[in-house]
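Novice: From the sequence below, what's the structure:
(chains A and B)
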Amino acid sequence: MDHPTSVAPRVSRARRGRVLGGVCRGMAEHLGWSVDAVRVGFLLLSLAGGFGLVLYAAYWAWLPISADVPGDGEPATPGEGRDLAGVLGLGALAVGVVLLLSARGIEVTGSWFTPLVLVGIGVAVLWRQSDDSRRAELLADVGASARATTRTALRRSVPRVLLGLSLVLLGVLGVLAAQGDLAASLRGLAAAVLALAGLALVLLPFVLGWWRDLADERRARIRSEERAEIAAQVHDSVLQTLTLIQRSAHDPDEVVRLARTEERALRRWLYAPVGDPGATLVAALETEIADVEATYACAVELVHVGDVARDDRVDALVAAAREAVVNAAKHAGGTVSVYVECGETGVEVFVRDRGQGFDPAAVPDDRLGLRESVLARMSRVGGSAHVRSEPGSGTEVSLALPAPLGVRSWT
Amino acid sequence: MTDPWTDEAPPRAGLLRVVLVDDHRLFRAGVRSEIGERVDVVGEAGDVDEAIAVIHHARPDVVLLDVHLPGGGGRAVLDGCTGDLPDVRFLALSVSDAADDVIGVVRGGARGYVTKAISADDLVDAVRRVADGDAVFSPRLAGFVLDAFSTGTVADDADDALDSLSPREREVMRLIARGYTYREVAKDLVLSVKTVETHVSAVLRKLQLSNRHELAKWAAARHLV
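Specialist: Numbers count the residues shown, from 1 in each chain, chains lettered A, B, ... in the order given. This next block holds a predicted model:
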């Protein structure tokens, strides 16, 4: 039907915006028609001797439920309202069938009819249930705790499956009773149940074996996916960097730079803190420092006590600290120490290098990059900055930003 | 993989005797070539059991101990040695991934903690310092300590003295966290180097002995890089 290059998706039953099985919406989405038109079409076909009903049931049974990942609008688990709508829909369908049949002169009050309706409802409940479990599986595949979610869904589905089964059973018994020889059919039923039980006993080991195989395969798949993710990470980062390092073996600075960058990236991947990575002062500083390290081939050691949420003032502090680190990296090299302390009175940042040092008083105003980028930046947001340096003993830039700030110390 | 190795060569007079414990042979070789001229490396080990055996056999002055080791980690080595060998001093050496590991080895008896990025000169200094019975704090360990004791208010009575830092100790820790050497700390605070060392040792003792539950909780909750 579909041309191989066609972009039209395979027809499937919709999970969103459905009333019964999602057949109409699924077909409407597939054909590009209005869903109402499709529904009316099915209704008209149903009036034509119930053909539409049969067709609908067939589609419900054969079409797979849509596999597209939800997340836009629809809650992960069906709410009460959805279930109620489904039940009402089924009820309306049943009433419709009854009316249709009576209109065609079939005796709906006949003793065999009610049991048949029971069977129908039971089957519908079971089918809907299978939809929901499938959906739960699809959802669970997306999430991390696939197994647990599926198990919860299974446990929840038990009452509905039991309800469906007992409805079907009741209906079948009703039909048999209506035919008059209940006792004989009960004997036949007992024989059938016995035969089924025997069959189950025979097949049990095989079924259990299949089940185990299935579980094993699932575990193996999860494991291999994890391995694939790690392999991808190693390939993208570590192996690439090692190649680059081999190629730059003649350039020690470049090797150090590559190694530092890779180390940082790996640490972030392995020990990444939960939550928004860029939401705090320390996270922002880490990003800036990684950038400076990569650019200037130096090592920066960041030590922090406490952390604060970012705002405009904190961002100014981060920018000023970056400038100080860049200065240290450019003029001093070696290892730069950055210490951040967040307390109740505010935030302090110290950037220290072990370079030649200089006499701050001897540097002309117009040449001092520190003056505008660090000192002025800090004073604009109500903070302060000091440069302490002596020839021969390195330089330390200290930045202070007084409270109020959203202090997030440990609890 | 790794083989325990003990140097049966005659001891070199006047040098500190050091055992290297690290599961990476390449790293041990690197440290050995960097500091082997200035200290006497008398043994190497690559896992916990080897380390305990080599340390008992060689009885070094200082053990350079990796925090992460197959067979139980650096903490297990400390637990297997400190009881029998009170004179052997331990210096933790690590890539410093998680604060609780670092605090763990310090509370297990290590006299200090330095990162593997330390320069050879600084490492030799640190070994000497530990051999002398002093504590060695890297900026990162000082940061851990300040973080762990940060909610501690000033001690009210003697019982709480272990659970908080004195103002002076806090100042010393802050300067170390800022990257100052002991000498620079002494100069900045107008103290003698010896006094700084005393303060640092006092902090180490508090870190090892304090029972404040926040310390344990903090260590568990933190995975600082």
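
Novice: for the helix of greatest length in chain B, packing partners?
Specialist: In chain B, assigned by DSSP state H, the helix with the most residues is helix B:193-209. Here helix B:193-209 touches helix B:99-107, strand B:136-137, helix B:139-148, helix B:167-177, helix B:182-189, going by 3 or more Cβ pairs under 8 Å, 6 or more residues apart in numbering or on different chains; DSSP states H and E. Placement of C-beta: from N, CA and C, glycine included.

Novice: Tell me what angle that helix forms with helix B:139-148.
Specialist: Here helix B:193-209 runs at an angle of 60 degrees relative to helix B:139-148 (axes from the mean of the first three to the mean of the last three Cα atoms, to 10 degrees).

Novice: Of all the residues in helix B:193-209, which ones are buried?
Specialist: If you call a residue buried by 16 or more other Cβ atoms under 10 Å in any protein chain shown, then helix B:193-209 has these buried ones: B:195-204, B:206-208.

Novice: Tell me which two of those sit farthest apart.
Specialist: Among the buried residues of helix B:193-209, the pair separated by the greatest distance (Cβ to Cβ) is B:T195 and B:Q208, at 20.5 Å.

Novice: domains of chain B?
Specialist: For chain B, automatic domain parsing gives the domain ranges B:1-133, B:137-225.

Novice: lowest-confidence stretch among those?
Specialist: Of all these, the minimum mean pLDDT falls on domain B:137-225 (a mean of 77).

Novice: list the contacts for A:L167?
Specialist: Each residue near A:L167 by Cβ atoms under 8 Å, 6 or more residues apart in numbering or on different chains is listed here: A:L118, A:V119, A:I121, A:G122, A:V125.

Novice: do the same with A:L258
Specialist: For A:L258, the residues meeting the contact criterion (Cβ under 8 Å, 6+ apart) are A:T241, A:L244, A:I245, A:S248.

Novice: and if you look at A:T241?
Specialist: Taking Cβ under 8 Å, 6+ apart as the test, what A:T241 contacts is A:L258, A:A259, A:T261, A:E262.

Novice: does the residue nearest to the spatial centre of chain B have beta-bridge partners, and which?
Specialist: With distances taken as Cα atoms, centre = their mean, the residue of chain B nearest its centroid is B:G112 (2.1 Å). Beta-bridge pairing of B:G112 under DSSP bridges involves B:V136.

Novice: Tell me how far it lies from chain A.
Specialist: 16 Å (Cβ to the nearest Cβ, to the nearest Å).

Novice: any idea which helix or strand carries the residue of chain A found nearest chain B?
Specialist: The minimum distance from chain A to chain B, using Cβ to the nearest Cβ, falls at A:S337 (2.7 Å). In the assignment (DSSP states H and E), A:S337 maps to strand A:335-343.

Novice: tell me the contacts of the closest residue to A:L126 other than its chain neighbours?
Specialist: Leaving aside its sequence neighbours, A:L126 sits nearest to A:G164 (Cβ to Cβ, 6 or more residues apart in numbering or on different chains; 3.8 Å). Residues near A:G164 by Cβ under 8 Å, 6+ apart: A:G122, A:V123, A:A124, A:V125, A:L126, A:Q129.

Novice: and the helix or strand containing A:R221, how far out from the chain's middle?
Specialist: Using DSSP H and E, A:R221 sits within helix A:182-233. Put simply, helix A:182-233 sits 29 Å off its chain's centre (Cα atoms, centre = their mean, to the nearest Å).

Novice: And the helix or strand just after that helix, how far out from the chain middle?
Specialist: Once helix A:182-233 ends, the next helix or strand along the chain (criterion: DSSP H and E) is helix A:240-247. Its chain's C-alpha centre lies 34 Å from the corresponding centre of helix A:240-247 when counted by Cα atoms, centre = their mean.

Novice: Give me the buried stretch members for helix A:240-247, please.
Specialist: Applying 16+ other Cβ under 10 Å to helix A:240-247 flags A:T241, A:L244, A:I245 as buried.

Novice: Would you mind giving these as a markdown table with pLDDT added?
Specialist: Below are these laid out as a markdown table (pLDDT from 0 to 100):
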| residue | pLDDT |
| --- | --- |
| A:T241 | 83 |
| A:L244 | 83 |
| A:I245 | 85 |
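
Novice: which one of these sits closest to B:R32?
Specialist: A:I245 (22.9 Å).

Novice: what residues are up against that closest one?
Specialist: A:I245 touches A:V255, A:L258, A:A259, counting by Cβ under 8 Å, 6+ apart.

Novice: what about 6 Å?
Specialist: Residues in contact with A:I245, defined by Cβ atoms under 6 Å, 6 or more residues apart in numbering or on different chains, are A:V255, A:L258.

Novice: circling back to that earlier point, for the helices and strands packed on helix B:193-209, could you give me JSON lines that also reports mean neighbour count?
Specialist: Converted to JSON lines, these look like this (neighbours: other Cβ atoms under 10 Å in any protein chain shown):
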{"stretch": "helix B:99-107", "mean neighbour count": "22"}
{"stretch": "strand B:136-137", "mean neighbour count": "26"}
{"stretch": "helix B:139-148", "mean neighbour count": "25"}
{"stretch": "helix B:167-177", "mean neighbour count": "21"}
{"stretch": "helix B:182-189", "mean neighbour count": "18"}
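
Novice: picking that back up, how many residues are close by the residue of chain A closest to chain B?
Specialist: A:S337 has 24 neighbours, counted by other Cβ atoms under 10 Å in any protein chain shown.

Novice: Leaving out the residues flanking it, which one is nearest to whatever residue of chain B ends up closest to chain A?
Specialist: Nearest residue of chain B to chain A, counting by Cβ to the nearest Cβ: B:G179, 2.7 Å away. The spatial neighbour of B:G179 that comes closest, neighbours along the chain excluded (Cβ to Cβ, 6+ apart), is A:S337 at 2.7 Å.

Novice: Equivalent analysis for B:R111, please.
Specialist: Nearest one to B:R111, counting by Cβ to Cβ, 6+ apart, is B:V130 at 4.6 Å.

Novice: element containing the one you found?
Specialist: Assigned by DSSP H and E, B:V130 falls in helix B:120-131.

Novice: ok, now A:V54?
Specialist: Applying DSSP H and E, one finds A:V54 within helix A:51-62.

Novice: Does that helix pack against any helices or strands, and if so which?
Specialist: With contacts defined as 3 or more Cβ pairs under 6 Å, 6 or more residues apart in numbering or on different chains; DSSP states H and E, helix A:51-62 has these neighbours: helix A:23-31, helix A:35-47.

Novice: Can you lay out these as a markdown table showing mean pLDDT, distance to chain B and mean neighbour count?
Specialist: Output for the helices and strands packed on helix A:51-62, formatted as a markdown table (pLDDT from 0 to 100; distance: least, Cβ to the nearest Cβ, whole Å; neighbours: other Cβ atoms under 10 Å in any protein chain shown):
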| stretch | mean pLDDT | distance to chain B | mean neighbour count |
| --- | --- | --- | --- |
| helix A:23-31 | 81 | 47 | 21 |
| helix A:35-47 | 83 | 51 | 15 |
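
Novice: what distance separates the start and the end of stretch B:79-92?
Specialist: 14 Å (Cα to Cα, to the nearest Å).

Novice: Correct me if wrong, but A:G357 is in a helix.
Specialist: No. Counting by DSSP: H, G, I helix; E, B strand; the rest coil, one finds A:G357 to be coil, located in no helix.

Novice: and it, what are its phi and psi?
Specialist: Here the main-chain torsion angles of A:G357 (degrees, to the nearest 10) amount to phi 80, psi 170.

Novice: what helix or strand is the residue lying closest to B:G108 once chain neighbours are set aside on?
Specialist: Leaving aside its chain neighbours, B:G108 sits nearest to B:L78 (3.8 Å; criterion: Cβ to Cβ, 6+ apart). B:L78 belongs to helix B:73-81 when assigned by DSSP H and E.

Novice: what helices or strands is that helix leaning on?
Specialist: helix B:48-58, strand B:62-66, helix B:99-107.

Novice: Can you convert the ones you listed into CSV and add a column each for distance to B:A120?
Specialist: Listed next are the helices and strands packed on helix B:73-81 as CSV, based on distance: least, Cβ to Cβ, whole Å:
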stretch, distance to B:A120
helix B:48-58, 22
strand B:62-66, 12
helix B:99-107, 22
